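J.: The following block contains a protein sequence and its predicted model.
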Amino acid sequence: MAKFYSENSIENINELEPKEETINFLLSYSKALSVIDCNKMKFETLLN
């Protein structure tokens, strides 16, 4: 059964293409994200 699932997933990998809208959203999010290290804690902020 493991062989059956792995064959299907390998075939579908080549067909994956994200939309341009998705790429733009992720790039904008990563540009707005700021991580601040303070002692042993991390603070994540979105700069909108």
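T.: Sure thing, it's come through.
J.: What residues are bridge-paired with Ser34?
T.: With DSSP bridges as the criterion, Ser34 is bridged to Thr45.
J.: any idea how far it lies from Glu20?
T.: From Ser34 across to Glu20, the span is 25 Å (Cβ to Cβ, to the nearest Å). For glycine as for every other residue, the C-beta is placed from the backbone atoms N, C-alpha and C.
J.: With Ser28 instead?
T.: For Ser28, the distance to Glu20 - Cβ to Cβ - is 12 Å.
J.: between those two, which one's more packed in?
T.: A count of neighbours by other Cβ atoms under 10 Å puts Ser28 above the other of Ser28 and Glu20, at 11 against 8.
J.: Please, where are all the helices along this structure?
T.: 2-13, 20-32 (DSSP state H).
J.: Mean pLDDT lowest where, among those helices?
T.: Note on the helices of the chain: lowest mean pLDDT is at helix 2-13, with a mean of 59.
J.: Burial check on Asn24, number of neighbours?
T.: 10.
J.: To clarify, my last question referred to Glu17.
T.: Glu17, neighbours per other Cβ under 10 Å, totals 7.
J.: Distance-wise, check it relative to Ser34.
T.: Counting by Cβ to Cβ, the gap from Glu17 to Ser34 is 30 Å.
J.: and if you look at Leu26?
T.: 16 Å.
J.: Next up, the contacts around the nearest residue to Glu44 once chain neighbours are set aside.
T.: Of all residues not flanking Glu44 in the chain, Val35 sits nearest, at 5.4 Å (Cβ to Cβ, 6 or more residues apart in numbering). The neighbourhood of Val35, defined by Cβ atoms under 8 Å, 6 or more residues apart in numbering, consists of Lys42, Phe43, Glu44, Thr45.
J.: ok, now Tyr29?
T.: The neighbours of Tyr29, taking Cβ under 8 Å, 6+ apart as the test, are Leu46.
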